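Visitor: A predicted structure for the sequence below; I have some questions about it.
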Amino acid sequence: MENERASWRSEALGPARKLDLSDGGIRAHVTGEGPPIVFVHGALVNANLWRKVVPRLDGHTRVTLDLPLGSHLEPMPAGADLSPPALALMIAEAIEALGLDEVTMVGNDTGGGLTQLMAVRRPERIARLVLTSCDAFDNFPPRLFRIVLTPAQIPGVIPVAFAGFRLRPLRRLPIAYGWLSNEPIEREAEDSFVLPVLTRRGIRRDVRKLLAGLDPKYTLDAAARLTAFEKPVLIAWSTDDRFFPPADAERLAKVLPDARLERLFGNGATAFRAAFDLVPDQLGVLWAIRDRAGAIVDFQTGYSNPAMARMIGVPSEVSIGRRLLEEAPDFGEDETYARMRGVLESGQPAVVEVAVASRDGPIGRVRGVFLHRAIPFGADGVLNLVTDVTE
């Protein structure tokens, strides 16, 4: 029964293919047709991590790798190299074995760190990268996991260290999956994450080797070499991630020549939107866009509540992601733009009454007298609260 639960993979991922690579075999789930996207998961999860993402990307060949990172099905050969450079090579070999080219790579958690290594060591089949909240720089692995999982490198310790994960409530602890997910994970997926290491001796051996090999020297070296990676990179990062600091996203955006940083609301997203959607005044969040020197060069819409959408005449879902100066280059000379920059540079809120003549602004047409309150928000954002005081 436990073997069946450990082996479960979502049907949404597509059928599995066995790939014979230099250091052993791995599985890859492939579905769909079109430009290829390859998903790389982190440690102690598997291809099921992407089970809700894959169905939303119709029109692409979607590949979810089942890597030997602790929740895989078949142990690797005893002599297999599971160091980060070898794992990055394994990903490159899998792409080659599947005959893919011009690939969009998507990495999360440990998988994001491995994707960075692949990008600087085997970039030839990569068209672009997407790095979601993940290991980077000296955070490989995150400090808490480094401390908690160090004893697991000792033979015989893993069955004891992981035994509590047979109980579902313990899986929600911060040292397990509690701080890695916004909501409880479905039982089928969660079992597939934790049971392989609990039920299979060969998987435990692979986990010991994996944990022993994780070292910030690899991601620091990759970061130094990413300056030469000139292909497009999207950095999609949670603003309140407890393991992967938003500062690492900022650093990656400065290191990579063609990077775009998108900040995502994290654990508090649902409550945040529910509360702010009810605010009767116009409310929105803009994230700063900075150049490699750290100077603010634009702002990007991160959130607009319904009242803001009505005022500017642009639906919330349409305004998200729009850059102000791309929409209206002259807005860079506007006092509102200067005010928002000043709020971030000083760290102090600003409250100003503004008269706006009828005109097309960067996010729509506005007119009247407004009380504008600009407040520093999150890692590098400005919360704008606007009250119409037109008489």
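Guide: Looks like it came in fine. Numbering: from 1, shown residues only.

Visitor: give the contact list for the nearest residue to Gly24 once chain neighbours are set aside.
Guide: Nearest residue to Gly24, sequence neighbours excluded (CB to CB, 6 or more residues apart in numbering): Met76, at 4.2 Å. Every residue, glycine included, has its C-beta placed from N, CA and C. Applying CB atoms under 8 Å, 6 or more residues apart in numbering to Met76 gives the contacts Asp23, Gly24, Pro68, Leu82, Gly202, Asp206.

Visitor: ditto for Ser10
Guide: Asn48, Arg51, Glu188, Ala189.

Visitor: partners of the one helix or strand Phe370 maps to in the sheet?
Guide: For Phe370, the element it lies in under DSSP states H and E is strand 364-377. Taking DSSP bridges as the criterion, strand 364-377 forms sheet pairs with strand 350-361 (antiparallel), strand 381-388 (antiparallel).

Visitor: Could you identify which of those strands is most buried?
Guide: A comparison of the strands paired with strand 364-377 by mean neighbour count, using mean count of other CB atoms under 10 Å, puts strand 381-388 on top with a mean of 20.

Visitor: so how far is it off the chain centroid?
Guide: 27 Å (CA atoms, centre = their mean, to the nearest Å).

Visitor: re the thing from before, next, the residue nearest to Gly24: phi, psi?
Guide: Phi and psi for Met76, reported as degrees, to the nearest 10, are phi -80, psi 160.

Visitor: Quick check: it vs Gly213, distance?
Guide: For Met76, the distance to Gly213 equals 13 Å [CB to CB, to the nearest Å].

Visitor: now Val130
Guide: In terms of CB to CB, Val130 sits 25 Å off from Gly213.

Visitor: who's more crowded, these two?
Guide: Val130 (20 against 16; other CB atoms under 10 Å).

Visitor: list the contacts for the more buried one?
Guide: Thr104, Met105, Val106, Gly107, Val233, Leu234, Ala236.

Visitor: how about a cut-off of 6 Å?
Guide: Going by CB atoms under 6 Å, 6 or more residues apart in numbering, Val130 touches Val106, Leu234.

Visitor: Likewise for Gly107?
Guide: Val40, Thr115, Leu131, Cys134.

Visitor: hang on, it in a strand?
Guide: Yes. Judged by DSSP: H, G, I helix; E, B strand; the rest coil, Gly107 forms part of a strand.

Visitor: Kindly provide the distance from it to Val233.
Guide: 11 Å.

Visitor: so which of the strands paired with strand 364-377 gets nearest Asp241?
Guide: Nearest of the strands paired with strand 364-377 to Asp241, taken as CB to CB: strand 381-388 at 14.9 Å.

Visitor: what kind of secondary structure is the residue lying closest to Phe229 once chain neighbours are set aside in?
Guide: Once flanking residues are discounted, Phe229 sits nearest to Ala119: 5.3 Å by CB to CB, 6+ apart. Of the three states, Ala119 takes helix under three-state DSSP.

Visitor: Isn't Ala119 up against Glu230?
Guide: No. Counting by CB atoms under 6 Å, Ala119 stays clear of Glu230, with 10.8 Å between them.

Visitor: between the two, which one's more packed in?
Guide: Taking other CB under 10 Å, Ala119 and Glu230 do not tie; Ala119 has more neighbours (24 against 11).

Visitor: From Val54, how far out is that one?
Guide: 22 Å.

Visitor: One more: Ala236?
Guide: 16 Å.

Visitor: Extract the residue ranges of the stretch 251-391 of the chain that are flagged as low pLDDT.
Guide: 265-272, 292, 357-366, 379 (pLDDT under 70).

Visitor: Mind jotting down where the strands sit in it?
Guide: Assigned by DSSP state E, counting those that start in this stretch, the stretch 251-391 of the chain shows strands spanning 259-264, 282-290, 296-304, 350-361, 364-377, 381-388.

Visitor: quick check: angle from the first one to strand 296-304?
Guide: Read it as strand 259-264. 30 degrees (axes from the mean of the first three to the mean of the last three CA atoms, to 10 degrees).

Visitor: Restricting the selection to alpha carbons, write strand 259-264 to PDB.
Guide: Presented in PDB, the C-alpha positions along strand 259-264 are these (Å, rounded to 0.1, in the frame of the first residue of the first chain):
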ATOM      1  CA  ALA A 259      16.400  39.600 -16.400                       C
ATOM      2  CA  ARG A 260      13.000  40.700 -15.500                       C
ATOM      3  CA  LEU A 261      11.900  40.500 -11.800                       C
ATOM      4  CA  GLU A 262       8.200  39.700 -11.000                       C
ATOM      5  CA  ARG A 263       7.300  39.800  -7.300                       C
ATOM      6  CA  LEU A 264       4.600  37.500  -6.200                       C
END
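
Visitor: Kind regards, and thank you for your time.
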